[in-house]
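Asker: Need the 3D shape of this:
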Amino acid sequence: MMLAERNKSSAAYTEAISERLEEESGAGAVRMKRPGMAYTLEYRADRASVDEAEIIQTIQCG
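Answerer: Numbering: from 1, shown residues only. Predicted coordinates:
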């Protein structure tokens, strides 16, 4: 089952999830965005960004 097809339950971010996201999305990189963390705002179509605050909140490419 693809991560995007999972039910509404949330999961904590792990290296295994990062690898699965990269594989299933075709992204060249996966970036974790945690509250209070500094990160660049440039758009990269080949990067998946994951927002986390204890659990994964959103996943998006770009």
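Asker: Show me what the closest residue to Y13 other than its chain neighbours is bridged to.
Answerer: Sequence neighbours aside, E52 is the residue nearest to Y13 in space, at 5.1 Å (criterion: CB to CB, 6 or more residues apart in numbering). C-beta: built from backbone N, CA, C; applies to glycine. Beta-bridge partners for E52, by DSSP bridges, are I56.
Asker: looking at the protein, which helix or strand does the model trust least?
Answerer: Lowest by mean pLDDT, DSSP states H and E among the helices and strands of the chain is strand 55-61, with a mean of 74.
Asker: Put the alpha carbons of it into CSV.
Answerer: These are the backbone C-alpha positions of strand 55-61, laid out as CSV (Å, rounded to 0.1, in the frame of the first residue of the first chain):
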residue,chain,number,x,y,z
ILE,A,55,3.8,13.0,13.8
ILE,A,56,3.9,13.5,10.1
GLN,A,57,1.5,16.3,9.3
THR,A,58,1.9,16.8,5.5
ILE,A,59,3.9,15.4,2.6
GLN,A,60,4.3,17.4,-0.6
CYS,A,61,6.6,17.5,-3.6
